[in-house]
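# sequence unknown, structure follows:
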């Protein structure tokens, strides 16, 4: 088992997840990656991660969040995280195919730490994965860890 920080991927498209997992392997990620397919499942996952009674899943170091999700959208989930008394400072990176200026503006207004457009090539996605690991998981000094 690794002590590497966990990444939560909130993505409903299986092809996107498979490509991302392949890029993580090529970038030699050792971080555990948990995936949920919509915002409501992400809320459940995060609630379980901070529950003193359950604590069945690890609290992620960062979340890669798609915008266009069933049930609870990425923006709704981001607003829920930012309003949560324990999770509010969690690193949330929007990872979407949308290049719409209104989506970008809304994501930052809702509290996104970063907005990344999904690359379509594995090579570019692998570079992006290496950059994520290098900056967000190694160099970035996160806010104080949530008290769970």
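That came through fine. What you see is a predicted model, and the numbers here were worked out from it, not measured in a lab. Residues are numbered from 1 along each chain as shown.
# measure residue 71 to residue 59 for me?
With distances taken as Cβ to Cβ, to the nearest Å, residue 71 is found 22 Å from residue 59. Every residue, glycine included, has its C-beta placed from N, CA and C.
# Neighbour count for those two, which is higher?
Using other Cβ atoms under 10 Å as the criterion, residue 71 and residue 59 rank with residue 59 on top: 19 against 14.
# which phi and psi does that one have?
phi -70, psi 130 (degrees, to the nearest 10).
# thought it was touching residue 49?
Yes - using Cβ atoms under 8 Å, residue 59 is in contact with residue 49, at 4.3 Å.
# Look at the most far-flung residue of the chain relative to its centre and tell me its secondary structure.
No residue in the chain sits farther from the centre than residue 53, which is 24.0 Å out by Cα atoms, centre = their mean. Classification of residue 53 using DSSP: H, G, I helix; E, B strand; the rest coil returns coil.
# Quick check: what element follows the helix or strand hosting residue 17 along the chain?
Element membership for residue 17 (DSSP states H and E) is helix 14-26. As assigned by DSSP H and E, the chain's next helix or strand after helix 14-26 is strand 33-36.
# partners of the longest strand along the chain in the sheet?
Across the chain, the longest stretch assigned as strand under DSSP state E is strand 91-96. The strands beside strand 91-96 in its sheet (DSSP bridges) come out as strand 62-65 (parallel), strand 114-117 (parallel).
# Next, format the ones you listed as a markdown table and append distance to residue 32.
Formatted as a markdown table, the strands paired with strand 91-96 follow (distance: least, Cβ to Cβ, whole Å):
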| stretch | distance to residue 32 |
| --- | --- |
| strand 62-65 | 12 |
| strand 114-117 | 20 |
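# before we move on, back to that, which strands and helices sit next to the helix holding residue 17?
strand 33-36, helix 122-132 (3 or more Cβ pairs under 8 Å, 6 or more residues apart in numbering; DSSP states H and E).
# For residue 135, give its distance to residue 62.
10 Å.
# neighbour-wise, which of these two wins?
More crowded of residue 135 and residue 62, by other Cβ under 10 Å: residue 62, with 22 against 11.
# Quick check: that one vs residue 136, distance?
Distance, residue 62 to residue 136, by Cβ to Cβ: 5 Å.
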